[in-house]
Every structure is written in C-alpha cells, then in structure tokens.
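Asker: Turn this into a structure:
(2 chains)
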Amino acid sequence: MADANPFRAGLETERTPVSSVFVIFGASGDLTRRKLLPALYNLAVSRLLPPGQSILGFALPEMSEDSFRASMRDAVTQFSRRKPIDEAVWADFASRLHYMSGRFEDPANFVRLRQTLDQLDASNGTRGNRLYYLAIPPSMFRVVNDCLAGAGLVADPSDASHSTRIIIEKPFGRDLASAEALNADLHRVFDERQIFRIDHYLGKETVQNLAALRFGNAIFEPLWNRNHVDHVQITVAEDIGVEQRGKFYEEAGALRDIVQNHLLQLLMVTAMEPPVSFAADEVRDEKVKVLRALVPIRGADVAHHVVRGQYGPGNFAGNAVAGYRQEANVSPTSNIETFVAMRLEIDNWRFAGVPIFVRAGKRLTKRVSEISIHFKAVPHAVLSAPRLLTERDARGVPEAVGSAVDPDVLAIRIQPDEGIGLRFVAKVPGPSMTLRPVTMDFRYGSAFGGSGPEAYERLILDAMLGDPTLFARVDEVQAAWRFATPILEAWSNAPPSQFPNYAAGTWWPPSATELIGRDGRAWRRL
Amino acid sequence: MKLPLAEVEQEITKLWEAEALRSGSPRIELMTLVALVSDPALVDRALHVVSDCVRVHPSRTIVVTWRDGPLAELVADVKLHRADPGGAVYGDAITLEAVAGARDWLPDNLERLALADLPVCIWWVGDLPDFDRLFDRTLSAADLVVVSSAEMDLRDLEKLSDVVRLSRGRYALTDLTWFRLSPIQELIARFFDDERSRSSAKSIERVTIEFAPRAVPGETLEKRDVTSTQAALLFGWMAHVLDLSTQATAWRRADEWSEVSLGSVVARFVPRARGDVPPGTVLGVALESGSARFRIEREEDPSVFRWSGEAPGGSLPTQAVRVALHGEATLLERCIERPKRNALFEASLHASARIVRPVAPRLSGAPRPAP
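Answerer: The predicted structure is shown next:
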C-alpha cells in the first residue's frame, strides 16, 4: 500500500472533493437549469469545487459552448439562491463549462464523449474521475449505460486511481417489478457502490437534523418509543397543482411521486434505530430495517387503511383554480390520485402498536412538510381543566377527543420555515389553574442565520466525495416498492368512484379525517 | 446612553420586552461573544465584525475597550443587534469601557455579564501587548479563545503556545490566521495526492515561503522580522507533518531573505513588498525534493493562486485556483462553528514557536521606567 499523504494528516479543510468531470446527460432540460447548474454554481461560490473540476453538458440540441454558457448563466441568474451573480466566480465557473450535442442512442457519440473527457483530463488534471448525472427520463437509462460501458467509460470500482459514479433521479421504477428491472440494468454496468439514487428530501437540513435531534441529545431518544409515543404524523402538503407536469403525473400519481420515496424516507429517518456510526451503510442498514418492519397493506385492507383523493376546481389565495382533470395534459376522466393518506404500522420492538399516519397531496390549503411526534397524554389528569384547544378539521368539525390536558407534540418542520417546535401545556397566569398549550420553537433561520445550502448542493457534493449516506440504496428502493406495489394493485382493481373528492385549496377528502378519526385521533392543524 | 454596570441587565431585559411587544420575536442567544479590543483604532472594526457574526450565531456581544482617565470606572452602553432599523434582532450588544485602573476589574465583570449556561467566546482583537496580564486573566471565563496571530509579533507565537499548553483542555484556542492558511495548506496537500509525487513529500529538501512584510520605515536588518507569524505558522505546520526536529534550529539571514535549517531541510523566508494584501500574508510557497518542484504563487488577483509542479512522472497541469478570501467576520463565524481544540493547529503552533524562538525570543521582563 502506498504511503499516505503526510500533508493530509489532520488537515481540516472544507469537504472538497477530488477533481472530476461532471457529465450531465440531458443538459438542455429543466432539471439542469433549475437545480443542477445553480447548485454547482453555489458550490463554486462556497469554494467547494476543486481546482480543475469540469462540467460537461451532453444533450440533443446543437449548441455552441458559448451558447450553452449563456443559457446556463441565465439559469443561474434566475434560479440560484445567491443573487446577484458573482462575476468573478462566474468567470471562473463558466470556463469550466463545456458542451457536446448528440443522440444518446448513437454509440459514436460516446466515442466522441470519451475523446472530450480525455482532453479535459489532460488540460484540467481530472485524472479519469467521472460523475455522470442522468437528468433524462428513466426509459433512456439503459441506452446511456450501455453506451457508457461500450465506450469504456466506466471504471472498475476497485481501481483506486480513478472513479466513476452515476447519479440517477427518481422515479426508480413504477412498481416492484420495474424497479428490480431498472436496478438489474444498472448493475450490469455499475457496481452498487458507484450508484447514487438521489432523493432531494434527504438533502434537506431538517431531515439531517432529525438524526442530530434524536442521536445527539439524551432527552428525546428515551421517549422515542411505544411507551411514550401515542402516534406519529408525517405530512407532505403542497399548495400547487401539477402545473406543467400533467403528462408525468398521469403516469405517476401521489403514491408514486411522493409517498413511495420522499415520505417513506422521512418515515425511515423518524423510526430507524440508532446506527453504530454515521457511516453510509450503517445508516442505510438501519433505515431499510424500518421498511422491512412495515406491516404490508394488501387486498381488502387497502380500502381500510389508505385514502386516495383528487382535487377538483376550487380557489387558492383568492383566485379560482382548475381541478386536476382540467389541468393541461390530463385526461378529463382521469382517476389518478393527487392525495394519499395512510395508517401505517411498524412491527418492531420500538414502535409496535404506534400508528403512523401519513398524508401527502397537491392543491391543499398550505405548503407544509413536517413530522410530528404526538406523545401520550398524562396518565392521570391531576390538573383537570377545561380543554382550550379544540382541534377542528377544515370544515370546522371537532376532531380531537381525549384527555383534558392537551398531549405534548414535537413537530419537525421540513418546509417552509425549517425548524423544530415543542408543544406542551403551561398554566395561564392568574388565580385559577387554567392550562393552555404553548410552544417552544427552534427555527433554523433565527438560530443560525442565513440560509443553508440547498438539498441539491449538499447531495451533489456528497456524490462528488463518494459519500452515499444520503442516497437511497437498492434494497431501500425495492423495499419501498414492495410496500407500495400491493396498494397500487388494489387500486387498479377498484377504480375510485367519487373523484374529484376535495376542492382545490382545501385540506383533504372527508375520508382522510375518518381514517384518523377511527383511531380517536385527529390530524394536526398545520 | 452610558449606564453603570449594575443597570445593564435591567436595561437589556427592557429592550427585549419592548421587542417582544413590537415584533413578537423570541429572544434567541446561543453564546456570549466578548471582543477585547487592544487598540482604540480597532474598535470600529470589532463592532462591525461582531454585528456581522451575530447574524449567523445570535449572541450577546460585549465589546470591551479601555482608556486612561482620572477615575477608575466601568461604563456600558446597551442595544439590540439588528440587521437594519426595525429589522430582525440577533442578540444584545453591550459595549463596555474601562477607565484607568478599572481595566483590572474586567475579568470578574465579564463573568458577571456572560449569559448563564451558554458558551463564552473571547476574541482578542489586535496585537498582544507585552507584559500585560489582561488576556491571561480573561481566559478562565472562556470556552473558546480566538486570536489573530497575523496581527501579533513573532515572539507572541511562543506566548500562544504557552496559552495552549496551560489550557489543560479548559478552553480551545483558535487562530483566525490558521483558517486563513487553510486554502494554502489544501493546495500544498494537493501536490501529494497524486501517487507520482507522493514519494517526494518525505524527501523535501528546500522550502521557500514568500510573504508580505510589515513596512516599518528605517528598520535595520537586525530589527526586521525574519518572517511573518503567518509564514512561520505555515512552516511550523510543514515541520510538524514532515516530522522535522525543531529542537536544534540554525538561522542565517541576508538582506533579501532569512533561512532556517531543520536537519536536512532548509526553509527560506523571503519578504516581498505587496500593498494589496495585509502585512504578513503568504504570497508564495515553493517546495523542492530532488528533481521534483512544486510551487504555488499568489497572482495579481490576491484570491487566485497559480499551482504548478514537476513530479518525477511528469508535469502536473498548471492551474489557476481561486480561493476564498474570507473576511474577519466569516473567519470568526467558522471558529465559533468549530469550538474545539484542533490538534494539528496546536502542534503546528508549538513547532512554529520553537522554530522562531532563537530569532524572536520572548521579552524577559517589563522595561524599567525611565529615570
């Protein structure tokens, strides 16, 4: 084994990766403009890109490098979190941007790609390190992977002298069978260690902070179990409709688009056991155990434990808005769900018997993503007092029943307004023993000032560094589909009869209230 | 409004209550940040830096100054830190002035003003005066001590080395200059990431460090600093990681350079006047090992380094590398983000102190008053 670099010993530099060529397949697309280039530019502003780092866009449209740079400058100006553009950084960053056009189906283009990469290696010292980002439809993955392999553009993962990594975007399949097929295709060319499946929810600071909250503090973890937790709610609510993604959404729906990936990722981080260390596989081993412990929902149980909805016409923020079936590229008789609520159970020592209620949907009243841990009520109401907080649903119907004293709730807000809130009761000052719920709030913006990196910045940097902790591993993806597929099958056997069943700009269909109400619980007011 | 010290807490409580009524915003303070300003000319700079820093680390800040006067007293002024008039609040801001002998009362009173159960960061702004105990006496209240050795005399490296040695883990000492050196360290380390050049690291024979000297008119060769604290700290780091003995150092100096030999390695320090960077700044580093040559050089734009090398297997591609030149507030924020002892910094500081001791000894006693 070669001697270690003595100048690296103990050096605490920023997490700067080794130089590579970052090749974006689909560089003319929306993802590149809105997310990838702004994220890479922000890494450059933060001086987290190594010297010589190159970015090569590869897409179908004919375009000169100057035109590509101009187009990317426009994208960064529009979508970067940092404004205005820093001219000195941009000048340096633009010099790293390169472009080549061509069809992905043509192997000759990959021979050209190899030549271009070799030239970049020679001029920029990238030494054969490659990071491929597939910002293209999954149907093209196989073609690109085969061409990369055919052109000798995939390094042996055991060769330490240079690396090849690939980042792919969801959807990682449409169901278990297609996910398995996709993974088999990837594994024909890449080793699992080289594959980075991105789920941008895992790049969000608050999601990472959940691990810090649980495993960095001694006071929460002892309460994080069936003895103290009454139930858990996980919400991913969006106030926008499907916008320009009607065609995609007709193929996906809320279960595939949000629940199977983002929402189950949140569930895993919430319910996982403490890992031995924060090393990638230690964390992912614990996460996947949560999915394996999820009680499957199959056949007739689906109707009892899962609610689906679709928004109809309504209003949002004072303006009339269309229903889902009236959106562009959506069938006027579509039965695709835009809302899902479920009652889940995790069959393990820690959470057995603790219901987990999840909900996700579009065109709801507010944009909120959060995880709330609802603790059990005090066992004996010594301080019995009239309950002041009456929880009601969107139609004003009282939802909550239970003890006289409002139970404590720990809420981890993911967006907007990232932070953590603890609700507990306190005595109202005065001669009588009146209790009232109060909150203690931690807000990222107030406590740490400024805005942290966006999820894509963090995740792209991690992929450059070869750190897969925040990426989905193959067994996670397949376990998630193993859970979701029976629900999709049950739905396809029993089309909904009452779609649309909630108006745009309202919270959810009444059946979602009934779902949680059957357990004597209520959705948390968001 | 100047206040007696006894009224400070009361006044701050009133300010926060008024703010809660006005905006409903909660009181969030994560630490007490004390800036001890060694020179009145640095007060504005210190105030500016702490007001920037609290936007990232909401804190109580105490900016401390001192002056001569007829009567010993401590007077304070208080307000809230705001991004702009009427904007968000990031903590409370105390300015504390010690008049005459009241300077000796500062350590106890700083402990009184520190927020309960939260860390205290002491930032010493500017040079360390010789024969002064204030810095040492305030250390007992600190969890984190921040200095900027680049603003200090070369002999203060030994003083800082002693401060680390005597801390016994009670506080962490950190140096803004160390953070300023990190891009240069990164660029040096990068030469030897390549396996072709790795073997050259252990056989380095000659190191040349160019630095911007302090401009002192009429200074004689004998009085001129042999190097800057920043360059010395950088070489101290190299000596530590290359495991060079710093016990027996031999210095030579000429008009244009100074050299120190540590066994088989010779380090030359070359002053090069440059007005667009702070005095002491490292301008270039060259390493020689057999036929291998590695060089980084600060270009006309001070944030850009030219990185080049000739390794045994061939040339390394020359690159222009833009590095971050962080302002003092950002560096202070980073120190606060990592409030822990850094073993590499401490070892490098000890090494640099030992290396410069023969040419920059600590003064042995206070000068006697003139008869």
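Asker: Get me the contact residues on the stretch 201-350 of chain B for chain A.
Answerer: When proximity is defined as Cβ under 8 Å from any Cβ of the partner chain, the stretch 201-350 of chain B approaches chain A at B:201-202, B:238, B:241-243, B:301, B:303, B:307, B:316-317, B:319, B:321-324, B:338, B:342-344. For glycine as for every other residue, the C-beta is placed from the backbone atoms N, C-alpha and C.
Asker: try 10 Å this time
Answerer: Neighbours of chain A within the stretch 201-350 of chain B, by Cβ under 10 Å from any Cβ of the partner chain: B:201-202, B:204, B:237-238, B:240-243, B:287, B:301, B:303-305, B:307, B:316-326, B:333-334, B:337-338, B:342-345, B:347-348.
Asker: Only whichever of those are buried, select them in ChimeraX.
Answerer: Buried subset of these, written as a ChimeraX selection, criterion 16 or more other Cβ atoms under 10 Å in any protein chain shown:
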select /B:201,204,237,238,240,241,242,287,303,304,305,307,316,317,319,321,322,323,324,326,333,334,342,344,345,347,348
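Asker: Just the ones of the residues of the stretch 201-350 of chain B next to chain A in strands?
Answerer: B:287, B:304-305, B:307, B:316-322 (DSSP state E).
Asker: Which residues are in contact with residue 195?
Answerer: All of this is about chain A. A:165-168, A:183, A:186-187, A:189, A:468, A:471-474 (Cβ atoms under 10 Å, 6 or more residues apart in numbering or on different chains).
Asker: Can you look at chain B instead?
Answerer: A:2-3, A:5, A:160-161, B:311, B:313.
Asker: With residue B:81 instead?
Answerer: B:29, B:50-55, B:58-61, B:87-93.
Asker: again with residue A:34
Answerer: Residue A:34 neighbours (Cβ under 10 Å, 6+ apart): A:75, A:78-79, A:456.
Asker: returning to that earlier point: among the contacts of residue B:81, which ones lie close to chain A?
Answerer: B:29, B:52-55, B:58, B:88-90.
Asker: Now, those that are in helices?
Answerer: B:52-53 (DSSP state H).
Asker: on that earlier part again, list only buried entries from the contacts of residue A:34.
Answerer: Buried, going by 16+ other Cβ under 10 Å: A:75, A:79, A:456, out of these.
Asker: Which of the helices or strands spans the first one?
Answerer: Following DSSP states H and E, one finds residue A:75 within helix A:65-79.
Asker: Now that helix: buried residues?
Answerer: A:68-69, A:71-73, A:75-76, A:79.
Asker: tell me what it is packed against?
Answerer: If you count contacts as 3 or more Cβ pairs under 10 Å, 6 or more residues apart in numbering or on different chains; DSSP states H and E, helix A:65-79 packs onto helix A:37-45, strand A:54-59, helix A:87-94, strand A:97-101.
Asker: Take these and write them to JSON lines, including distance to chain B.
Answerer: JSON lines is the format used below for the helices and strands packed on helix A:65-79 (distance: least, Cβ to the nearest Cβ, whole Å):
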{"stretch": "helix A:37-45", "distance to chain B": "9"}
{"stretch": "strand A:54-59", "distance to chain B": "11"}
{"stretch": "helix A:87-94", "distance to chain B": "5"}
{"stretch": "strand A:97-101", "distance to chain B": "15"}
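Asker: I'd like these as JSON lines, with mean pLDDT appended.
Answerer: Below are the helices and strands packed on helix A:65-79 laid out as JSON lines (pLDDT from 0 to 100):
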{"stretch": "helix A:37-45", "mean pLDDT": "94"}
{"stretch": "strand A:54-59", "mean pLDDT": "96"}
{"stretch": "helix A:87-94", "mean pLDDT": "90"}
{"stretch": "strand A:97-101", "mean pLDDT": "96"}
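Asker: Need these in TSV (columns: mean neighbour count).
Answerer: Formatted as TSV, the helices and strands packed on helix A:65-79 follow (neighbours: other Cβ atoms under 10 Å in any protein chain shown):
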stretch	mean neighbour count
helix A:37-45	24
strand A:54-59	25
helix A:87-94	16
strand A:97-101	20
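Asker: how about the most centrally placed residue in chain B, what does it touch?
Answerer: Geometric centre of chain B, nearest residue: residue B:148, 1.8 Å, by Cα atoms, centre = their mean. Shown in contact with residue B:148 (Cβ under 10 Å, 6+ apart): B:123-127, B:175-180, B:229-230, B:278, B:280, B:328, B:331-332.
Asker: Could you rerun that using 8 Å?
Answerer: B:124-126, B:175-177, B:328 (Cβ atoms under 8 Å, 6 or more residues apart in numbering or on different chains).
Asker: Same question for residue B:100.
Answerer: Per Cβ under 8 Å, 6+ apart, neighbours of residue B:100: B:67-73.
Asker: Residue A:221 too?
Answerer: Neighbours of residue A:221 in contact, by Cβ under 8 Å, 6+ apart: A:214-215, A:274.
Asker: Just the element for residue B:79, please.
Answerer: strand B:73-82.
Asker: Could you pull out the buried residues of that strand?
Answerer: B:73-74, B:76, B:78, B:80-82.
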